[in-house]
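Novice: below are the sequence and a predicted model; questions follow.
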Number of protein chains: 2
Amino acid sequence: MKQLLLGSALALLSLAACASQTADSPKNTANSPLSYVDPLIGTGGHGHTFPGAVVPFGMVQLSPDNPSKGWDWTSGYHYSDDTLLGFSHTHLSGTGVGDMLDLLVMPFRGDYLKRERDDKGRIFTKYSHQGEVAQPGYYALELPAEQVKAELTASARVGVHHYSFSGGQDAQLLLDLGYAQNFDKPVTTFIRVENDHTIVGYRVSTGWAKLQPLYFVAHFNQPFSYQLYQAQKPAKGEQLQAEQSQIVLNFGQPKTAVEAQMALSYTSIAGAKRNLAAETAGKNFAQVKAQAQQAWAAQLGRFAVVDDNKVNKTKFYTALYHSFLAPQLFSDVDGAYLGADGATHTQPGYQRHSLFSLWDTFRALHPLLTLSNPERVDDMVKSMLGFYDETGLLPSWDLMSNETDVMIGYHAVPVIVDAYLKGLTSADPEHLLRAVKASAMQNKFGTDLYRQYGYIPSELELEAVSKTLEYAFDDAAIARLAQAMGKTDDAALFSKRALSYRQLFDSSTGFMRGKTKEGQWVSPFSPTYVAHRTTDYTEANAWQYNFFVPHDVEGMMALYPSEQAFLAKLDELFTTKEKMHGDVSPDITGLIGQYAHGNEPVHHVAYLYAFTSAPEKGQHWLRHIRDTMYKAEPDGLAGNDDVGQMSAWYVFSALGFYPVNPVDDGFVRGLPQFRQVQLSLPGGKSLTIRTEGDLAGTVQSWQLNGQPLGLKVNYQQLMQGGELVFRMSK
Amino acid sequence: MKQLLLGSALALLSLAACASQTADSPKNTANSPLSYVDPLIGTGGHGHTFPGAVVPFGMVQLSPDNPSKGWDWTSGYHYSDDTLLGFSHTHLSGTGVGDMLDLLVMPFRGDYLKRERDDKGRIFTKYSHQGEVAQPGYYALELPAEQVKAELTASARVGVHHYSFSGGQDAQLLLDLGYAQNFDKPVTTFIRVENDHTIVGYRVSTGWAKLQPLYFVAHFNQPFSYQLYQAQKPAKGEQLQAEQSQIVLNFGQPKTAVEAQMALSYTSIAGAKRNLAAETAGKNFAQVKAQAQQAWAAQLGRFAVVDDNKVNKTKFYTALYHSFLAPQLFSDVDGAYLGADGATHTQPGYQRHSLFSLWDTFRALHPLLTLSNPERVDDMVKSMLGFYDETGLLPSWDLMSNETDVMIGYHAVPVIVDAYLKGLTSADPEHLLRAVKASAMQNKFGTDLYRQYGYIPSELELEAVSKTLEYAFDDAAIARLAQAMGKTDDAALFSKRALSYRQLFDSSTGFMRGKTKEGQWVSPFSPTYVAHRTTDYTEANAWQYNFFVPHDVEGMMALYPSEQAFLAKLDELFTTKEKMHGDVSPDITGLIGQYAHGNEPVHHVAYLYAFTSAPEKGQHWLRHIRDTMYKAEPDGLAGNDDVGQMSAWYVFSALGFYPVNPVDDGFVRGLPQFRQVQLSLPGGKSLTIRTEGDLAGTVQSWQLNGQPLGLKVNYQQLMQGGELVFRMSK
């Protein structure tokens, strides 16, 4: 099933973020990072990634959709499938809930009304992976039954289609605004034919995100005749507003390939037109593709790996690729965006981003972006701050400016505070402090109980242990911000709250355990018991949450009678033969003992060994996780990629360090995977990460620019550049 | 059941449109127009009006809602009911389809969760009409079971509530964003408590109008405690985004009445706040009420009736009142509005209006507004033109910037052309011509067939006769515009199309009759047969459409062998004893023979006698219609008021003339009802309409400023002011 991508990948032209235009096709250069990215990784199994065309952090993800057969189709595509519904313009990467998949385009032949339909009334066609090419910024699929080769690329806000039709039947494209999968359904859609080259319209839908207006303009390189449909019944005229609208465009016998540029906007048709004009107008497919691949070359080229292991390089660059898909650009070229208050905002002074899967991404993805894309962090902070201004709360899980409240914690806080402490945001600190405190002082999700009892009593709120642990972590971040600002009262308050985790440590079992409001441990108690989101733990059992104190690892260790006792507990996590019982959540995958790498709560745990006298044990598990939970094949991710968090874990774990406490508390020493990686840093600096000795061995020591390092290396140290050297021993 | 309003009505202070602020309550002045308005007229029977508080053309209609028992509750309220669900902020006046009813506020006592519920889970309370007062800009209702008197008033964009609670239980208000009736249902709602005096939020719903975002800020005059609910289940915290959200505000034992100001915006919460600040901030209920009633005094005072007949004056001023509810103001104070492209537009340079029930209102309401509110016509024209710019078509039936396509014809055209010919719009004529031609050249609703065949073949399109007749009328308006602009080609084309009605006149039966594409009359044919929107006629039978040629009455008459034959047909319409058969549409009411005054297609027909040698016959029917189809009581309208058209017919028919062809083709002589009416005109001018002789008699002649008039008086003549005198004979 594995597909290596040695096709028409682009040369690494420049590290500059802004790609220049070239009309010629790029040359194949096997050393380009692009040649090591396989967007199909994660599209099998439970990875939930999508294979289509996108630029880094782009608004458009133009990608093929299969008819959903269940949970593993949330991205719209699963590698096991061979049925195509078409190519839609927006996709979620690696989520556990499905949504988006807006604006489906399907090339087809024959009479639309007479085509065979699936059980939901949709036309479809068959394909095989032999006819499929997936690259950063480019996707191609041959559709034999339709006698067409479809090629897709994108700019930030424009999806660009290239259809090479052959054979004698009329070349047709369906644009289906009624198409919806997962929980999404259209509220109202509009299509208007502006002229024989141009369509405009919108699709307002509701689903996981309750309000999703999406506007578009589609411009074609040759004239079409057309027929509108309302819920697949012919509708007269040049335009249609309906819950479900479709249009079929007929290009007759085109002499050249049919190209379409479909620009999106979350604010208006006029916005979509401005986006089209700014990004792709006047360019052909090859030019936009070159532009997209240059953007990826620049983005991925910030990490230059020197190593011979092609599989590891593929895993690494694909992990980087999946780390740079979101948060997505959400504003138009002129800055206008759809706010979390449901209204259009203009000229905010920053580029609005959306799709913050914060319960996942606060851990490693956002810290990775402070290294790889420090210039973009301020926009993300201000996007979350804008969300606070618009709704009174920072986002918890923001999807298209809707709060989905799908996960727990107020994890915008660590991301914001990390950015502040690292000097990456120009936002007013007082504004930031008000925002992070609003989350901590709200009365939802048990935060009121947490304030009242010092922990969340188990009988009063679901997921009480997980929430208590995560709130304590977030509070530590608030304390850090308050301290940095000289707000000693707030610093004291939140420092105290940051220790709340201690209330739930049951020394008799060595577990973080549910407690009643009277202070009794909840019984019966089984650390291997799971049930989906109805216990004291969130998508996990007691084992998987037992070590979630990233902000005070030493304090957590001190709860154990001895370091040996702590190590024994860690060892048991990875080595226990006990199985989970109960109603096992589909999110809990990638098991090593009771360690579940397929979900996020354990992501820092293998690094906890670094805090002990047995760091080599952690390195053992890191190597094992890297080798077994990540593979260079479609079924290559042990669980949902979760909008890049699974991948960002891999990136750090290949570099050799990890942000155990992601709030600017240094990166903890891990295990490097490559002989050398060179990071390009702002100001023309670079950091070379070099491994001396046996890559299959254990880290003996590490040093930065000749100075020995201890447990951690700091962000500011790394950003100065120079050389970080790992010395390995057998 | 009848209720005369002699309460606290306001003195007619000024004819100026802009009311000044006064803090004192207005004095009761029985001669004020307000004292003759009874908003309860039309709330019984099939009138579909609402009784609540509104200012002329206001965005807010704050009015009581009953649980719907069927079609006659489309406005949210029916006089036969005695159950209150609360007071919502938006209402349709006189429509045949229900929608809006957004943002329900209900004062109540006791535990919200334990209250008795209706079959839809809603709390309710009982009331009687003894405790009800309805005036222009003011509505009051006593709710004995809740021990509260509710009083409502409004500015253009703010609903203002005044609740006088008595008794010992806590005073509470429910704000229910999940509440919906008719076809409407919420997509997503948001409530956020900003502080203990202020709530903000939005409600996005879908229904008859597919996309209805509505934003609000509610400010209270005293602090509250609160509890949020999601679908009536308690929800924690200070804010909530959900499909159905509610909030209960508890004011404890208030020392003074609880007042709330709830500002709306169709663009944003920020817009709602700006609207509140501009219109009502810092004013108390009495001040806003005085402001509202001054606005009505100014608006209604443009017509000063001198007559002793209190019932007729009540009918007349209430008809004026119902004529001035829509098109509604739709933009914020800063001009921002929700466009028909679903996006927010700023600074359009005009005040956007919405709710164009054009199939009804092109007939008499819009012509009335050119007399009563010429200063507002340009905003309405530009609103329709904006709709065209946004969607490619002028509105047909615009509800909250959604095209409902509920009725036939392109009747924005006559309204626009009338405004142009009367010199009431500053829009670019070329722009206007493009817009009106786009409607005529579209390919929907049979217009393509109409162009192809010169009429619409019956077997190819529903309502083929009605559409052909109405398109021909609209085309005559286009021809007028083209002619005025010197576009001779367009003028010739559309003048020819304007005669299409002749294709469908079957001289063997004397009816406008369906024809096949081969030119065969459709058989069987019965002029009394009806079926709801599935025949050749729209909400009507052949009788009711037979005379719809307003643009060429003389030409239509010439289709008959003689004037006597034409008169015989007209007489038969009113006097036939034959009954309708088939599936009688509920819209066809107010029957006199086969004349159905409760629906619009006949509205000009009684005036056709004026074109003949027997005008007195028409006057007979006019008097009969005025006396029997309009009554000063709740069940006082013979059919749906249809957003003012039924009422505007009455206004003209009481003044003594009517715009048979509403495209600046003069007002046809009718029958005056009053001894004297003085119209205030722009530039300080006025027109006095005086009746000499027996009001119960027949018009012998009429003259303007001493000059005898013939069949018609022109708009420009009237707008010069002076004296229009009817001379009556027995």
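Specialist: Now that the structure is in, tell me what you want to look at.
Novice: in chain A, where's the longest strand?
Specialist: strand A:185-195 (DSSP state E).
Novice: could you pull out the helices in the stretch 351-500 of chain A for me?
Specialist: A:358-361, A:365-372, A:374-391, A:412-421, A:429-440, A:447-453, A:464-484, A:488-497 (DSSP state H, counting those that start in this stretch).
Novice: and the angle for the longest one with helix A:488-497?
Specialist: Regarding helix A:464-484 and helix A:488-497, their directions subtend 150 degrees when assessed with axes from the mean of the first three to the mean of the last three CA atoms, to 10 degrees.
Novice: centre of the chain to helix A:464-484, how far?
Specialist: Chain-centre distance of helix A:464-484: 23 Å, with CA atoms, centre = their mean, to the nearest Å.
Novice: same check, this time on stretch A:190-210
Specialist: On CA atoms, centre = their mean, the centre of stretch A:190-210 falls 26 Å from the chain's centre.
Novice: end-to-end on that stretch?
Specialist: 19 Å (CA to CA, to the nearest Å).
Novice: find the closest residue to chain B in the stretch 501-650 of chain A.
Specialist: residue A:517 (16.3 Å; CB to the nearest CB). Heads up, the C-betas are built off the backbone N, CA and C, glycines and all.
Novice: go ahead and confirm that residue touches residue A:454.
Specialist: No - here residue A:517 does not reach residue A:454: they are 10.6 Å apart, not a contact under CB atoms under 8 Å.
Novice: contacts only, for residue A:36.
Specialist: For residue A:36, the contacting residues are A:5, A:310, A:313, A:314, A:316, A:317, A:318, by CB atoms under 8 Å, 6 or more residues apart in numbering or on different chains.
Novice: which positions in the stretch 251-400 of chain A make contact with chain B?
Specialist: The stretch 251-400 of chain A has residues A:267-271, A:339, A:341-344, A:346, A:391-393 near chain B, with proximity defined as CB under 8 Å from any CB of the partner chain.
Novice: what about 6 Å?
Specialist: Near chain B, the residues belonging to the stretch 251-400 of chain A are A:268, A:269, A:341, A:342, A:343, A:344, A:392 when assessed by CB under 6 Å from any CB of the partner chain.
Novice: just send these back as a markdown table, with pLDDT and distance to residue A:467 too.
Specialist: Converted to a markdown table, these look like this (pLDDT from 0 to 100; distance: CB to CB, whole Å):
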| residue | pLDDT | distance to residue A:467 |
| --- | --- | --- |
| A:268 | 97 | 39 |
| A:269 | 97 | 43 |
| A:341 | 95 | 27 |
| A:342 | 94 | 28 |
| A:343 | 95 | 31 |
| A:344 | 96 | 35 |
| A:392 | 94 | 20 |
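Novice: number of residues surrounding residue A:349?
Specialist: Per other CB atoms under 10 Å in any protein chain shown, the neighbour tally for residue A:349 reads 8.
Novice: identify the residues contacting it.
Specialist: Neighbouring residues of residue A:349 by CB atoms under 6 Å, 6 or more residues apart in numbering or on different chains: there are none.
Novice: looking at this, it is in a strand?
Specialist: No - under DSSP: H, G, I helix; E, B strand; the rest coil, residue A:349 sits outside any strand and is assigned coil.
Novice: what's the distance between it and chain B?
Specialist: 16 Å (CB to the nearest CB, to the nearest Å).
Novice: where's that residue relative to residue A:427, distance?
Specialist: 11 Å (CB to CB, to the nearest Å).
Novice: likewise residue A:233?
Specialist: From residue A:233 over to residue A:427 the distance is 51 Å, taken as CB to CB.
Novice: ok, residue A:578 next?
Specialist: In terms of CB to CB, residue A:578 sits 47 Å off from residue A:427.
Novice: which residues touch residue A:391?
Specialist: Residue A:391 neighbours (CB under 6 Å, 6+ apart): residue A:340.
Novice: meant to ask about residue A:339
Specialist: Counted by CB under 6 Å, 6+ apart, residue A:339 has contacts A:345, A:390, A:401.
Novice: grab the nearest non-local neighbour of the first one.
Specialist: Yep, that's residue A:345 we're talking about. residue A:339 (4.8 Å; CB to CB, 6 or more residues apart in numbering or on different chains).
Novice: does the longest strand of chain A come close to chain B?
Specialist: Yes - counting by CB under 6 Å from any CB, chain B is contacted by strand A:185-195 at A:187, A:188, A:192.
Novice: ok, the most centrally placed residue in chain A - contacts?
Specialist: Nearest to the mean C-alpha position of chain A, by CA atoms, centre = their mean, lies residue A:643 at 1.7 Å. Counting by CB under 6 Å, 6+ apart, residue A:643 makes contact with A:93, A:94, A:326, A:357.
Novice: pLDDT weak spots in chain A?
Specialist: Chain A contains residues with pLDDT under 70 at A:1-31.
Novice: count the residues that sit near the closest residue to residue A:439 other than its chain neighbours.
Specialist: Nearest residue to residue A:439, sequence neighbours excluded (CB to CB, 6+ apart): residue A:410, at 3.5 Å. Per other CB under 10 Å, the neighbour tally for residue A:410 reads 29.
Novice: since that was my last question, I'll sign off now.
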